[in-house]
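Engineer: dropping a prediction and its sequence here:
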Amino acid sequence: MRTRSTRLLGAFLSGLTLLACVSRPSLPAGEIVGGEIRTNEVLHLAVVDARPEAYANRTLLIEATVAAVCQKKGCWMQITDQGARAMVRWESGCDGQYAFPKDLQGRRVLIQGSIYPKTISEPDARHLEEEAGREIRIDREGCEINASSILVIDGKG
């Protein structure tokens with residue numbers, strides 16, 4: 001005969017299992033570059049870019065399309081989504097542990113990281129264009145994302 005505490009513990013554990021299944025979205029199929037991705041609500045870059053202050057000091061999971069990638073070291077990429085644009089860099093820096101694949105242009109990605117306002121100087125913008133290997137539009141004022149990992153979603157964007 002089961003005791004009341006055993007039944008309560010069983011009900012509690014069943015509830016936790018159900019809650020974990022309901023509240024944790026699964027990730028789409030694709031290749032992860034970087035650290036482990038903790039599933040969170042997926043936000044489109046356009047939503048975050050519209051009110052970046054509402055998302056400050058949080059780890060986010062942002063979906064967007066890659067517009068350009070550093071062709072020298074893979075240390076940055078530019079993303080777009082519904083007219084919004086942002087630069088993405090690795091938390092570990094340019095010569096860090098990870099590099100963005102150089103063939104990501106046009107691919108959809110999920111980026112796990114934090115967003116903050118960033119001003120890009122004219123010399124830095126020219127440097128980014130040089131590293132992209134082509135002319136790209138660099139917004140002087142905007143948001144930048146410090147990425148801990150990305151998921152390159154299977155298929156084209």
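Structural biologist: Ah, there it is. Residues are numbered from 1 along each chain as shown.

Engineer: where do the helices of this structure begin and end?
Structural biologist: Listed in chain order, the helices found in the chain under DSSP state H are 4-23, 45-50, 122-132.

Engineer: geometric centre of this structure: which residue is closest?
Structural biologist: Residue closest to the average C-alpha location in the chain (Cα atoms, centre = their mean): Ile111, at 1.2 Å.

Engineer: for that one, give me its contacts.
Structural biologist: Contact analysis of Ile111 by Cβ atoms under 8 Å, 6 or more residues apart in numbering lists 60-64, 79, 88, 145, 147, 149-150. Heads up, the C-betas are built off the backbone N, CA and C, glycines and all.

Engineer: could you measure from it over to Glu122?
Structural biologist: Distance of Ile111 to Glu122, given as Cβ to Cβ, to the nearest Å: 26 Å.

Engineer: tabulate the contacts of Ile111 (a markdown table), appending pLDDT, distance to Pro117 and neighbour count.
Structural biologist: Shown next, in a markdown table, are the contacts of Ile111 (pLDDT from 0 to 100; distance: Cβ to Cβ, whole Å; neighbours: other Cβ atoms under 10 Å):
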| residue | pLDDT | distance to Pro117 | neighbour count |
| --- | --- | --- | --- |
| Leu60 | 95 | 15 | 18 |
| Leu61 | 96 | 20 | 19 |
| Ile62 | 96 | 15 | 29 |
| Glu63 | 96 | 20 | 21 |
| Ala64 | 97 | 17 | 28 |
| Ile79 | 97 | 16 | 24 |
| Val88 | 96 | 14 | 25 |
| Ile145 | 94 | 11 | 25 |
| Ala147 | 95 | 16 | 24 |
| Ser149 | 95 | 22 | 19 |
| Ile150 | 97 | 21 | 30 |
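
Engineer: any idea which of the residues you listed is closest to Gly96?
Structural biologist: Taking Cβ to Cβ as the measure, Gly96 lies nearest Ala147 of these, at 10.3 Å.

Engineer: hmm, the closest one is touching Val109, no?
Structural biologist: No - taking contacts as Cβ atoms under 8 Å, Ala147 lies outside contact range of Val109: 9.4 Å.

Engineer: any weak-confidence spans in the protein?
Structural biologist: Under the criterion pLDDT under 70, the flagged ranges of the chain are 1-25, 156-157.

Engineer: okay, strands next: where are they in it?
Structural biologist: 30-34, 42-44, 60-69, 76-81, 84-90, 108-119, 141-153 (DSSP state E).
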